[in-house]
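Engineer: Sequence plus predicted model, see below.
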Amino acid sequence: MAPPRSFLWSRRIFLTLLTGFVLIPVYVMVSSSLKPLADVTGKFRWLPSGLTIRPYIDIWSTVPLATYFMNSLIVAGSATICSVVIAVFAAYAVSRYSFRGRRVFTVTVLSTQMFPGILFLLPLFLIYVNIGNATGIALFGSRGGLILTYLTFSLPFSIWMLIGYFDSVPRDLDEAALVDGCGPLGALLRIVVPAAIPGIVAVAVYAFMTAWGEVLFASVMTNDTTRTLAVGLQGYSTLNDVYWNQIMAASLVVSVPVVAGFLLLQRYLVAGLTAGAVK
Amino acid sequence: MTTTAFKEPVRQETPGAAAREPRRRPGRLRRVSLPYLLLLPALLLELLVHLVPMAIGMVMSFKELTQFYIRDWSTAPWSGLGNYKVSVDFDAPVGNALLHSFLVTVAFTLLSVGLCWLIGTAAAIFMQDTFRGRGLLRALFLVPYALPVYAAVITWVFMFQHDNGLVNHVLHDQLHLTGKPSFWLIGDNSFYALLTVSVWKGWPFAFLIVMAGLQNIPKELYEAAALDGAGMWQQIRRITLPSLRPVNQVLVLVLFLWTFNDFNTPYVLFGKSAPEAADLISVHIYQASFVTWNFGTGSAMSVLLLLFLLVVTGLYLLVTSRGRRASTDV
């Protein structure tokens, strides 16, 4: 049955408006990043007076963007890998075994999702400083401290999503492996993990995005050498000038890897959300 | 591909299995402790980064913790309920500002979650059927969600600039809607600026979840409804929306918690201290703690916020689970 005209027209109008709303900032980002400085300091213009790629060259020298980029990459990458590995083990335990404290664990993990980050910031700041004073291990201001913090942010969500995913892998498969002589870890690594790859990819994408975009902890817990992109991007506005064209160029450069990765893997993410969150 | 990936190793293992039989049959102790071993890393991390800090936060909220004690916070003098009294004394400046910030956050969260849900659901329903360009549109719609917060929000900061921003250019120069260019990042307008950015960034998540939920509605329901003569709009009202209820319950709760606790958006939009009209609670507590160096009061505010969220979430779960029970009874 063909949809009625009223439906088609509402759809056309709604989706056009929404596309405009979504795309205007993206257009501003792209077009401003190609404008000469005079264009972005004066009145806004929809079209640049002249196209230039200078902002893309200057961003690397105005602030040490490459260093920030590496820091972000190391922090987000390590946090992602660790959180996926830990979440896989935890989710497998919850999905396949019944044990005392199982419910308490899942409820605790889930409820940490609802707490505001600001609640942990103060005490973590003090814990890291105290550990540093006592043992000489510099967690505060180091990449290690940030990795540790980030990996627990995505951990609850990852465990939650993976439980749903592992539940959807038929139990017969890994039980057969156990009968065939695999250990529990063998069954996990050889049967459950390969079958749940879409879910694991979804979790990894989510963990990486969370770490790559985090601002609060990055701004308190980093110093000049460990600064991530989230804090580093503020360096383009000086007392005298705000280099908007460079800010837009740098924003675009730091966004491209995550947006491209996300769009490539979004099918997995949707599938993961269906299995983990919706059911 | 996955089939071969796990079949091969299994076959390799089979011949050796009998020989290593004793090792393969773990003792009772190992069988019992295995799940705990698997959970151990996650448990330790949760303890270190979530549970211990929370406990410390609670202790700190009863202490007179200022910058003088930051090097060794345990030596800070006890203040009993002092920090809480200051936080909830709505006639004094600190409590009054907290109450104001709380009310702003509630209003902001309700509006933002409502709009995100509305736009996300409408987009997902409109895009349920295939039409030309649907795949491209779907990818475009996910861009705000995928962009790192600071990159996206900083673009909005640029657009909201008083002299060289797009928003004033369009509203004032092109459409002549305003008498003179407005300020968006200070003053009362900042609330709408924050709301716009929050909805722009947040609705694609609702869109994703509702799309996922729509896939679970059986096609037969629509077919049966069509046979009974129900039009498109009626099908949406009678089948789609009611079927989405369990999905919506999770979605609204998650959106609520994320929006209520959001720090990144207001922080990038306004900096360390937000304008009064858009003073969200996360930034407010951050400011109380790290800008005015009153860690004790900041902790007390955090604990109060946590209690509020616990009560709201508990009530919400109670109401929605009762609703679910009622709907299955019918």
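Structural biologist: On my side now, so go ahead.
Engineer: Under the pLDDT cut-off, which ranges of chain A? List them.
Structural biologist: A:1, A:239, A:272-279 (pLDDT under 70).
Engineer: In it, what residue comes closest to chain B?
Structural biologist: residue A:181 (2.8 Å; C-beta to the nearest C-beta). C-beta coordinates here come from the backbone N, C-alpha and C atoms, glycine included.
Engineer: Helix or strand: which one has that residue?
Structural biologist: For residue A:181, there is no host helix or strand (DSSP states H and E).
Engineer: helix or strand right after the lengthiest helix in chain A?
Structural biologist: If you go by DSSP state H, chain A has its longest helix at helix A:65-96. Toward the C-terminus, helix A:65-96 is succeeded by helix A:102-111 as the next helix or strand (DSSP H and E).
Engineer: can I get the CA coordinates of the next helix or strand after that following helix in PDB?
Structural biologist: Proceeding N to C from helix A:102-111, the next assigned helix or strand is helix A:117-135, under DSSP H and E. Output in PDB follows, covering the C-alpha atoms of helix A:117-135 (Å, rounded to 0.1, in the frame of the first residue of the first chain):
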ATOM      1  CA  GLY A 117      31.400  12.600  36.100                       C
ATOM      2  CA  ILE A 118      31.900  15.500  38.400                       C
ATOM      3  CA  LEU A 119      31.300  13.200  41.400                       C
ATOM      4  CA  PHE A 120      34.400  11.100  40.600                       C
ATOM      5  CA  LEU A 121      36.600  14.000  39.500                       C
ATOM      6  CA  LEU A 122      37.300  15.500  42.900                       C
ATOM      7  CA  PRO A 123      38.100  12.200  44.700                       C
ATOM      8  CA  LEU A 124      40.000  10.700  41.800                       C
ATOM      9  CA  PHE A 125      42.100  13.900  41.500                       C
ATOM     10  CA  LEU A 126      43.000  13.500  45.200                       C
ATOM     11  CA  ILE A 127      43.600   9.700  44.900                       C
ATOM     12  CA  TYR A 128      45.900  10.200  42.000                       C
ATOM     13  CA  VAL A 129      47.800  13.000  43.800                       C
ATOM     14  CA  ASN A 130      48.100  10.900  46.900                       C
ATOM     15  CA  ILE A 131      49.200   7.800  45.100                       C
ATOM     16  CA  GLY A 132      51.800  10.000  43.400                       C
ATOM     17  CA  ASN A 133      53.000  11.400  46.700                       C
ATOM     18  CA  ALA A 134      53.200   8.000  48.300                       C
ATOM     19  CA  THR A 135      54.600   5.800  45.600                       C
END
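Engineer: How about residues contacting helix A:117-135?
Structural biologist: Contacts of helix A:117-135 with the rest of the structure, by C-beta atoms under 8 Å, 6 or more residues apart in numbering or on different chains, involve A:137-140, A:145, A:149, A:153, A:216-217, A:220-221, B:48-50, B:52-54, B:56-57, B:60, B:70-73, B:261, B:263, B:282, B:285-286, B:289, B:295, B:298-299, B:302-303, B:305-306.
Engineer: For the residue nearest to the spatial centre of chain B, give me the backbone phi and psi.
Structural biologist: Residue closest to the average C-alpha location in chain B (C-alpha atoms, centre = their mean): residue B:258, at 1.6 Å. Main-chain torsions, residue B:258, degrees, to the nearest 10: phi -60, psi -40.
Engineer: In stretch A:76-92, which residues are buried?
Structural biologist: Within stretch A:76-92, the residues scored as buried using 16 or more other C-beta atoms under 10 Å in any protein chain shown are A:76, A:78-80, A:82-84, A:86-92.
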